[in-house]
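> build me a model:
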Amino acid sequence: MSSASSGALASWSTGLCDCFSDIPNCCLTLFCPCITFGRIAEIVDNGNTSCCRACLVHALIGYGTGLGCLISCLYRSKMRKQYNLKKSPCEDCCVHLFCGHCALCQEHRELHNRGYDVAQGWKGNMEKQTNTMAPKPQGGMSR
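Residues are numbered from 1 along each chain as shown. As a prediction, this is how the structure comes out:
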């Protein structure tokens, strides 16, 4: 769950058009892209942005102006830089402008493949990581 080190650019773990490999997220993104975006933004921002806040901003921009792709492309760029991913298949804003739903699904799958349970948010993932890394208590002395 850490960012990639510098060096050669890595490929995305799944393709842009592999949406049907995760049907539940595909359906959620189709009908409520703002929710998928909010979940992604919370993880990419390391919990500094809440899912609800990001969802609301995306919904207001998206449903108000039809340009939700403007904010989501910024988070795709941020995510790419964190994980040293290639611009693929083209610039981030073009991907979100022409294939916004597919881009959100791909970003969701990428985080999932990197060990995040995107639905649990940042705090839930950090608690899960802490609980799995904590040493198990030893049995006490008995008389």
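> biggest helix in this protein, by residue count?
helix 92-113 (DSSP state H).
> check the offset of it from the chain's centre.
Centre-to-centre, helix 92-113 and its host chain are 9 Å apart (C-alpha atoms, centre = their mean, to the nearest Å).
> just the buried positions in that helix, please.
Neighbour counts over helix 92-113 (16 or more other C-beta atoms under 10 Å) mark 92, 95-97, 99-100, 102-112 as buried. C-betas here are computed from N, CA, C, even on glycine.
> next: stretch 45-64.
In terms of neighbour count (16+ other C-beta under 10 Å), stretch 45-64 has its buried residues at 45, 49-51, 54-55, 57-59, 61-62.
> can I get those residues in TSV with pLDDT and secondary structure?
Below are the buried residues of stretch 45-64 laid out as TSV (pLDDT from 0 to 100; DSSP: H, G, I helix; E, B strand; the rest coil):
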residue	pLDDT	secondary structure
Asp45	97	coil
Thr49	94	coil
Ser50	96	coil
Cys51	96	helix
Ala54	97	helix
Cys55	96	helix
Val57	95	helix
His58	96	helix
Ala59	95	helix
Ile61	94	helix
Gly62	90	helix
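> quick check, nearest of these to Gln120?
Among the buried residues of stretch 45-64, Cys51 lies closest to Gln120 (C-beta to C-beta), at 10.0 Å.
> just to check, the closest one is in contact with Gln120?
No. Using C-beta atoms under 8 Å, Cys51 is not in contact with Gln120; the gap is 10.0 Å.
> and the angle for whichever strand or helix holds Lys123 with helix 92-113?
For Lys123, the host element (DSSP states H and E) is helix 121-133. Using axes from the mean of the first three to the mean of the last three C-alpha atoms, to 10 degrees, the inter-axis angle of helix 121-133 relative to helix 92-113 is 30 degrees.
> using CSV, list the CA coordinates for helix 121-133.
Presented in CSV, the C-alpha positions along helix 121-133 are these (Å, rounded to 0.1, in the frame of the first residue of the first chain):
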residue,chain,number,x,y,z
GLY,A,121,-12.0,4.2,2.9
TRP,A,122,-8.6,5.4,4.1
LYS,A,123,-9.2,4.9,7.8
GLY,A,124,-10.6,1.4,7.4
ASN,A,125,-7.6,0.4,5.3
MET,A,126,-5.2,1.8,7.8
GLU,A,127,-6.9,0.0,10.7
LYS,A,128,-6.9,-3.2,8.7
GLN,A,129,-3.2,-2.8,8.0
THR,A,130,-2.4,-2.0,11.6
ASN,A,131,-4.4,-5.0,12.9
THR,A,132,-2.7,-7.4,10.5
MET,A,133,0.8,-6.1,11.4
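> thank you, goodbye.
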